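**Q** 3D, please:
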Amino acid sequence: MTGPARTPLAAEDVPPRRKPSNYPAPFAARMAGREKRQLGDAFGLSRFGVNLTTLAPGAQSALLHRHSRQEEFVYILAGTPTLRTDEGEFLLAPGMCIGFPAEGLAHHLVNRSEGEVHYLEIGDRDPQDAGEYPEDDLVAHFSATGWSFTRKDGTPW
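**A** Next up is the predicted model:
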């Protein structure tokens, strides 16, 4: 694809993201089995993102995290992922959805099933967003150039 699409597309025709993970090397490997198709980017959307994400069996969506300013919404299309939050675990099914306000629950999806999971994730792109990772020595900062990461003590990865 060259430039933003101006006509409707089949979501599966949007190529998967080339870089499987933005996380530093010690964490990026934990995203094995996750594939994202950046649907919003295909149309030149800049204020919010829409990803069609697939999790293979055993894969996870992200590290357990929360955002300082970004809001997220997830809609399950197929499969039965487990939603992990800092308040517990919930089995999700097709047609279910959940939203995450900024500074809300830490969360991520884990595919503990034997089949693939497909879902839409939608979030705004606040240029002052940051990510907190309660289970990992990681802090994320968003800017016009994308995500950068430090350890919790502020040293770079």
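**Q** Which residues are in contact with residue 103?
**A** Listed by C-beta atoms under 8 Å, 6 or more residues apart in numbering, the contact set of residue 103 reads 66-68. Just so you know, the C-beta spots here come from the backbone N, C-alpha and C atoms, and that holds for glycine as well.
**Q** Can you lay out those residues as a markdown table showing secondary structure?
**A** A markdown table is the format used below for the contacts of residue 103 (DSSP: H, G, I helix; E, B strand; the rest coil):
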| residue | secondary structure |
| --- | --- |
| 66 | strand |
| 67 | strand |
| 68 | coil |
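**Q** Select from those the one having the most neighbours.
**A** residue 67 (23 neighbours; other C-beta atoms under 10 Å).
**Q** Sort out which residues of stretch 52-59 are buried, please.
**A** For stretch 52-59, burial by neighbour count (16 or more other C-beta atoms under 10 Å) applies to 52-55, 59.
**Q** And it, end to end?
**A** Distance between the boundary residues of stretch 52-59 (C-alpha to C-alpha, to the nearest Å) amounts to 15 Å.
**Q** these two touch, right, residue 94 and residue 78?
**A** Yes. Counting by C-beta atoms under 8 Å, residue 78 is a contact partner of residue 94 at 5.5 Å.
**Q** so where's this structure uncertain?
**A** Along the chain, segments meeting pLDDT under 70 span 1-2.
**Q** Which residue ranges of it form helices?
**A** 25-28, 39-42 (DSSP state H).
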